[in-house]
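Asker: Predicted model, plus sequence, below.
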Amino acid sequence: MSLQRRRTKKTAASKHDARADTLALVKQLRQLRSRSGREQTQTYYIEGARIVAQAIQAGADITLGVIAPELVTGEHGQQTITALRGTGAPIAELDADAFNGISFKENLQGIGAVIRFRETALGEGVTTKNATGGWLALDNVGNPGNLGAIMRTCDAVGCSGLILLGDTVDPYHPAAVRASMGSLFALQIVRANFNEFVEWKHTHSAVVVGTTPDVQQEYRDVVYPNAYVLLMGSERLGLSIEQQHACDILVRIPMVGTCDSLNLGVATSIILYEAFHQQRQKQASQADVD
């Protein structure tokens, strides 16, 4: 066999191996679209220059960077790639077709990353002591877009984190991550069942606030402590009787008109912002005294 033929054969084999490696990587990344795939690997996939930059800035544990150089445009995209390489995480380069195979976005930006879960167990240092922004506990929330929007509000008012109870949707669902607009990286994430939550509440003397239309006390009629936990139920049913019994304070959000309930994200935001408003007033009053 001539030297040229051996080189040609070797080049063809190398291309075949590279193609096989690319297909294997695409398959692995596509598996992160499912909750089982994410939980099995304890990782999730994010995509887009802005959210990848936010993950880097927040110190997220990036296990793999994914880029398609031909799709990256603009100075911000290039800066994000530089920052991504600076994390020390391995980088996989894909062509546009392969990147499209893993993407869940219409406007491909050619930048993605695989992030390791960062969660805290309820018994591992999770406390309301010295928590100026409180905690939010969600039970059986089923809509990932709702959860993502709620994460943005939690971040905006300085919540310490989220306690996800029962069969609440995966916070790493692509729709939840996208709707969070990067706020996911700023929050502690805790998973527990309801009985564990109640036991934790009593152990730490946590003040739990809940909402129900069945009480007269409105959400602005109470003084929210600096350290509190807001407990919200499912979108359709709200808090059960058992969950209401776990609350130290129950309030209602007044409504007129024909609707009988608010969107969960809206209702959660109303309470969180009232507590936030009260905390700011306390801080302003204290500053005046000082």
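Answerer: Arrived safely. Numbers count the residues shown, from 1 in each chain.
Asker: and C159, how many residues sit next to it?
Answerer: A count of nearby residues for C159, using other C-beta atoms under 10 Å, gives 26. Using the backbone N, CA and C atoms, a C-beta is placed for each residue, glycine as well.
Asker: Now it: closest residue in space, sequence neighbours ignored.
Answerer: G133 (4.6 Å; C-beta to C-beta, 6 or more residues apart in numbering).
Asker: Pull out the buried residues from stretch 214-233.
Answerer: Using 16 or more other C-beta atoms under 10 Å as the test for burial, stretch 214-233 gives 219, 224-233.
Asker: C-alpha coordinates for it, PDB please?
Answerer: What follows is stretch 214-233, C-alpha atoms only, in PDB (Å, rounded to 0.1, in the frame of the first residue of the first chain):
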ATOM      1  CA  ASP A 214     -60.900  31.300  54.000                       C
ATOM      2  CA  VAL A 215     -59.600  33.900  56.500                       C
ATOM      3  CA  GLN A 216     -60.400  37.500  57.100                       C
ATOM      4  CA  GLN A 217     -56.900  38.700  57.700                       C
ATOM      5  CA  GLU A 218     -55.400  40.300  54.600                       C
ATOM      6  CA  TYR A 219     -51.800  40.000  53.600                       C
ATOM      7  CA  ARG A 220     -51.100  43.700  54.500                       C
ATOM      8  CA  ASP A 221     -52.600  43.300  57.900                       C
ATOM      9  CA  VAL A 222     -49.700  41.400  59.400                       C
ATOM     10  CA  VAL A 223     -46.100  42.200  60.300                       C
ATOM     11  CA  TYR A 224     -43.800  39.800  58.600                       C
ATOM     12  CA  PRO A 225     -40.700  38.800  60.600                       C
ATOM     13  CA  ASN A 226     -37.300  39.200  59.100                       C
ATOM     14  CA  ALA A 227     -36.900  35.400  59.100                       C
ATOM     15  CA  TYR A 228     -40.000  33.700  57.700                       C
ATOM     16  CA  VAL A 229     -41.000  30.900  55.300                       C
ATOM     17  CA  LEU A 230     -43.800  31.500  52.800                       C
ATOM     18  CA  LEU A 231     -45.600  28.200  52.000                       C
ATOM     19  CA  MET A 232     -47.500  28.100  48.700                       C
ATOM     20  CA  GLY A 233     -49.400  25.100  47.300                       C
END
